[in-house]
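J.: What shape does this take:
(chains A and B)
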Protein chains: 2
Amino acid sequence: MNGGASMGLVQRLDGERQGMDRRLAEMMYRRIGSPRVCLELWNGERVGPEQTVGCIRFRERPALWCLPLNMNLHFGDAYIKGAIEIEGDLIEVLTEIYRSMPEHSDRGLISRLLRRAINPRRNTLRRSRKNIQSHYDLGNDFYRLWLDRELIYTCAYYTDERQTLEAAQFAKMEHICRKLRLCPGETVVEAGCGWGALALHMGRYYDVRVRAYNISSEQIRHARQRAREEGLDDRVEFIEDDYRHIDGEYDVFVSVGMLEHVGREHHAELGRVIDRCLKPDGRGLLHSVGRNRPQQMSDWIEKRIFPGSYVPALSEMLSVIEPHGFSVLDVENLRMHYARTLRDWLERFEQVSDQVERMFDASFVKAWRLYLGGCSAAFAAGSVQLFQLLFARPGVSDWPLTRAHLYRE
Amino acid sequence: MNGGASMGLVQRLDGERQGMDRRLAEMMYRRIGSPRVCLELWNGERVGPEQTVGCIRFRERPALWCLPLNMNLHFGDAYIKGAIEIEGDLIEVLTEIYRSMPEHSDRGLISRLLRRAINPRRNTLRRSRKNIQSHYDLGNDFYRLWLDRELIYTCAYYTDERQTLEAAQFAKMEHICRKLRLCPGETVVEAGCGWGALALHMGRYYDVRVRAYNISSEQIRHARQRAREEGLDDRVEFIEDDYRHIDGEYDVFVSVGMLEHVGREHHAELGRVIDRCLKPDGRGLLHSVGRNRPQQMSDWIEKRIFPGSYVPALSEMLSVIEPHGFSVLDVENLRMHYARTLRDWLERFEQVSDQVERMFDASFVKAWRLYLGGCSAAFAAGSVQLFQLLFARPGVSDWPLTRAHLYRE
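T.: Okay, the predicted model is just below:
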């Protein structure tokens, strides 16, 4: 074989490979619904329109070629490794992609079927603790860097566009307390209380007695300390235990941002806990990320960020309470509030990213950037929802005729 | 056999029969949860507490003895025949019974199973028309006697306790229009429009174009005449046809009090209609009587008042919209408003009951008294709900952050 022919073959193979790269990039571009975003390959080739809001840059071939199997998972992992970069405003680019992307396009059939059959992070009592600690026990110092001063790590409620995160988190707690119509002297049980802000708020402003459960040791430690410091520890008790072990009877059940960690296969169990612990006139509120219809979790989020989590459709949330005949009083969708909350968090996170990198490492920073930005985009695009579901024992009748009381100054 | 012995036997048999009557009455009393109501038998015997809100009087033995088979159906039928009388305030007595009665206690197992297997009034296109006409085509003159002046035959919305029915029906239409955020020039399709009040309201005050469907000829005739009289017939079109034949594309879908007539087995079909007729930015509202959990219809209501009807749980209402990925924005439970609406209707109905009796007959008056009073009681006790469900295409984002706009003067 002479050198020229060999060169020709290499060139031809190279050319063919380039052609295949391009065809795959075009295919992936169509699969995400042809957004106003371009895909740029390692060799400078670009797929997409002229006018874009940003660019997804593949720095190496494998980052493109592993996408077809499980786009969501491999996109996230490649981004963390630096094999994929996003040019332009992160939230804007991802929102544009979420808006254009048809449902279920992000995962191959085999991975969908596998995921249905195998769930390695199922929420047994022991596994739940591991799942929760892997995220919430990253250290209070880490969360203190970028959350609001009350360390509230759930969707805020912006009563107007210009509100700060702090004000919106306060407004969220008020909104929930008003919905629940807390009366002085009543008893409340909270399932999944984070760093305790809502329980303390209820004890402080509504003069109720709260028992708040959580399996994150770090969070419980912080919450107990705050209760002591504020002299609320006679009214607000923090219990390091699983929601399945809640005992006693209460006027009110509340759970903000825990249902996502319960998992679909444990909805019935949560329902039995609520039924067991609510008094005959009791009422409750479930606040959870939701879906427009039942849908599998994002693999990347479930694997890398919130192991064991599942985001239920509203009908699946109802599977918690309908079997016990609870009456739904009110459902509100706050998804645009979560888009904004996450945007605020990301902004604060970016301001301290150097510190975070020193606490963990560069790939941790990237993972959290993608998680916060990606979730903000998913809420903004309407791919995920935030449902606040208010319910009561059937027959509870001393309830205001309208919801106007929620909106009085 | 001498006369004395024969007399003794008759007396003993009589005594035994009386004992059995009493035991059955006691059993039925326990089955309805031992309310503060007494049961009085034809022979003057009474079962129940001293302090009561009223009395159920059985004027003859069969009225009691056919209850175990299907309490709900036979109670209603016996009441119409005059074999059962209710002493005391009708709504108060029935509310007390609904409050104390455990679910499913009103029907024997066999009748429950039969009802599940056989549904003679299933809503085919032809049968729907018959089902609807049997109720809604009783004559506009009849409904005009006791409905409000706009002939609105669905749950009103009382923004305060003292509001009149007229004001509350106006407020209901406003509440729906505000929830839907109608803009001038938009197009609306209404499924099941009654006598056209809401469609005309939208055309008159919101400057939208409405196509309103209904299969009741009497109602459509009246609605068209009103549109002509008010000069709204260029904007508001009334179509005598089934919701399944809706065509065209619209910004808004609205249906108030029709879902109950659709039947569970046609929810998916209604969902496909909504999906087909809503524009990419469209939104919609379903207003329907509902349940806390899936439950069979009251046989008496389904047989005698609303043939073919089914009252869905919220999860079943979601089976209309979830398959198409619509996003739930808001769910409101207005059951206390329907308790009040029905009470207002009954009060007006009683004022014209002589006229109604002349139009129909005495048993018709009794049937409607029981239907209006019984439904008011069922809503008051929390046995049935009224859900207003607002939804939109996924991704609709130009929506107010809060619901405060619904409550501004």
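J.: Please give me every residue in contact with A:I301.
T.: A:309, A:371, A:374-375 (Cβ atoms under 8 Å, 6 or more residues apart in numbering or on different chains). Every C-beta, even on glycine, is put in place using the N, C-alpha and C of the backbone.
J.: Turn those into TSV, columns for distance to chain B.
T.: Below are the contacts of A:I301 laid out as TSV (distance: Cβ to the nearest Cβ, whole Å):
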residue	distance to chain B
A:S309	20
A:Y371	21
A:G374	16
A:C375	16
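J.: Need the worst-confidence member of the residues you listed.
T.: pLDDT is lowest at A:S309 among the contacts of A:I301; the value there is 88.
J.: was I right about that residue contacting A:E260?
T.: Yes: using Cβ atoms under 8 Å, A:S309 is in contact with A:E260, at 5.0 Å.
J.: where do the contact lists of those two overlap?
T.: Counting by Cβ under 8 Å, 6+ apart, A:S309 and A:E260 have no contacts in common.
J.: which strand is the longest one in chain A?
T.: With secondary structure taken from DSSP state E, chain A has its longest strand at strand A:278-290.
J.: For stretch A:32-47, list every residue counted as buried.
T.: A:32, A:35-41, A:47 (16 or more other Cβ atoms under 10 Å in any protein chain shown).
J.: Among those, which lie within helices?
T.: Nothing among the buried residues of stretch A:32-47 maps onto helices, per DSSP state H.
J.: Now tabulate those in a markdown table and tack on pLDDT and distance to chain B.
T.: Shown next, in a markdown table, are these (pLDDT from 0 to 100; distance: Cβ to the nearest Cβ, whole Å):
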| residue | pLDDT | distance to chain B |
| --- | --- | --- |
| A:I32 | 93 | 15 |
| A:P35 | 97 | 13 |
| A:R36 | 97 | 15 |
| A:V37 | 97 | 17 |
| A:C38 | 97 | 22 |
| A:L39 | 97 | 22 |
| A:E40 | 97 | 27 |
| A:L41 | 96 | 29 |
| A:V47 | 96 | 24 |
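J.: from those, which is closest to B:N72?
T.: Comparing these against B:N72 with Cβ to Cβ places A:I32 closest, at 54.8 Å.
J.: shouldn't that closest one be in contact with A:E103?
T.: No: the pair A:I32 / A:E103 is not scored as a contact, 11.8 Å apart, by Cβ under 8 Å.
J.: distance of A:Y250 from chain B?
T.: 20 Å (Cβ to the nearest Cβ, to the nearest Å).
J.: Could I get the phi/psi values of that residue?
T.: Note on A:Y250: backbone dihedrals following degrees, to the nearest 10 are phi -140, psi 160.
J.: Quick check: bridge partners of it?
T.: A:L278 (DSSP bridges).
J.: contacting residues around it?
T.: A:187-189, A:211, A:277-279, A:282 are the contacts of A:Y250 under Cβ under 8 Å, 6+ apart.
J.: Which neighbouring elements make contact with the helix or strand just after the longest strand of chain A?
T.: Scanning forward in sequence from strand A:278-290 by DSSP states H and E, the next helix or strand is helix A:299-300. Secondary-structure packing of helix A:299-300 (3 or more Cβ pairs under 8 Å, 6 or more residues apart in numbering or on different chains; DSSP states H and E): helix A:71-81.
J.: Which SSE is immediately downstream of the helix it packs on?
T.: Next helix or strand after helix A:71-81 toward the C-terminus (DSSP H and E): strand A:84-87.
J.: mean confidence score for that following strand?
T.: So the average pLDDT for strand A:84-87 ends up being 97.
J.: Could you name the helices and strands sitting against that strand?
T.: strand A:54-58, helix A:71-81, helix A:90-100.
J.: how about those in TSV, adding mean neighbour count, mean pLDDT and distance to B:R61?
T.: Formatted as TSV, the helices and strands packed on strand A:84-87 follow (neighbours: other Cβ atoms under 10 Å in any protein chain shown; pLDDT from 0 to 100; distance: least, Cβ to Cβ, whole Å):
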stretch	mean neighbour count	mean pLDDT	distance to B:R61
strand A:54-58	21	97	82
helix A:71-81	21	93	70
helix A:90-100	21	96	69
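J.: Quick one, which of the ones you listed gets closest to B:S217.
T.: When these are compared by Cβ to Cβ, helix A:90-100 sits nearest B:S217, at 45.4 Å.
J.: got the domain boundaries for chain A?
T.: According to automatic domain parsing, chain A comprises the domains A:3-117, A:125-407.
J.: Single out the most deeply packed of those.
T.: Mean neighbour count, computed with mean count of other Cβ atoms under 10 Å in any protein chain shown, is highest for domain A:125-407 among those, reaching a mean of 20.
J.: Would you mind measuring the gap between the ends of that one?
T.: 40 Å (Cα to Cα, to the nearest Å).
J.: a strand runs through A:S383, doesn't it?
T.: No: using DSSP: H, G, I helix; E, B strand; the rest coil, the secondary structure at A:S383 is coil, not a strand.
J.: average pLDDT for the longest strand of chain A?
T.: Averaging pLDDT along strand A:278-290 gives 97.
J.: That one packs against which elements?
T.: Strand A:278-290 packs on helix A:165-180, strand A:250-256, helix A:259-262, helix A:314-321, strand A:385-392, going by 3+ Cβ pairs under 8 Å, 6+ apart.
J.: right, is the first one up against chain B?
T.: Which is helix A:165-180. No: Helix A:165-180 stays clear of chain B (Cβ under 8 Å from any Cβ of the partner chain), getting no nearer than 8.7 Å.
J.: so after the helix or strand of chain A with the lowest mean pLDDT, what's the next helix or strand?
T.: In chain A, the helix or strand scored least confidently by mean pLDDT, DSSP states H and E is helix A:109-117, which has a mean of 61. Beyond helix A:109-117 on the C-terminal side, the first helix or strand identified by DSSP H and E is helix A:125-136.
J.: Using PDB, list the CA coordinates for stretch A:83-99.
T.: Only the C-alpha atoms of stretch A:83-99 are listed here, as PDB (Å, rounded to 0.1, in the frame of the first residue of the first chain):
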ATOM      1  CA  ALA A  83     -16.800  17.500  28.200                       C
ATOM      2  CA  ILE A  84     -19.900  19.600  27.500                       C
ATOM      3  CA  GLU A  85     -20.100  23.400  28.000                       C
ATOM      4  CA  ILE A  86     -23.000  25.700  27.800                       C
ATOM      5  CA  GLU A  87     -22.500  29.100  26.300                       C
ATOM      6  CA  GLY A  88     -25.000  31.900  27.000                       C
ATOM      7  CA  ASP A  89     -27.200  32.300  30.100                       C
ATOM      8  CA  LEU A  90     -27.500  28.900  31.600                       C
ATOM      9  CA  ILE A  91     -31.200  29.100  32.600                       C
ATOM     10  CA  GLU A  92     -32.200  30.800  29.400                       C
ATOM     11  CA  VAL A  93     -30.500  28.100  27.200                       C
ATOM     12  CA  LEU A  94     -32.000  25.200  29.300                       C
ATOM     13  CA  THR A  95     -35.500  26.800  29.400                       C
ATOM     14  CA  GLU A  96     -35.400  27.100  25.600                       C
ATOM     15  CA  ILE A  97     -34.500  23.400  25.300                       C
ATOM     16  CA  TYR A  98     -37.100  22.300  27.900                       C
ATOM     17  CA  ARG A  99     -39.800  24.400  26.000                       C
END
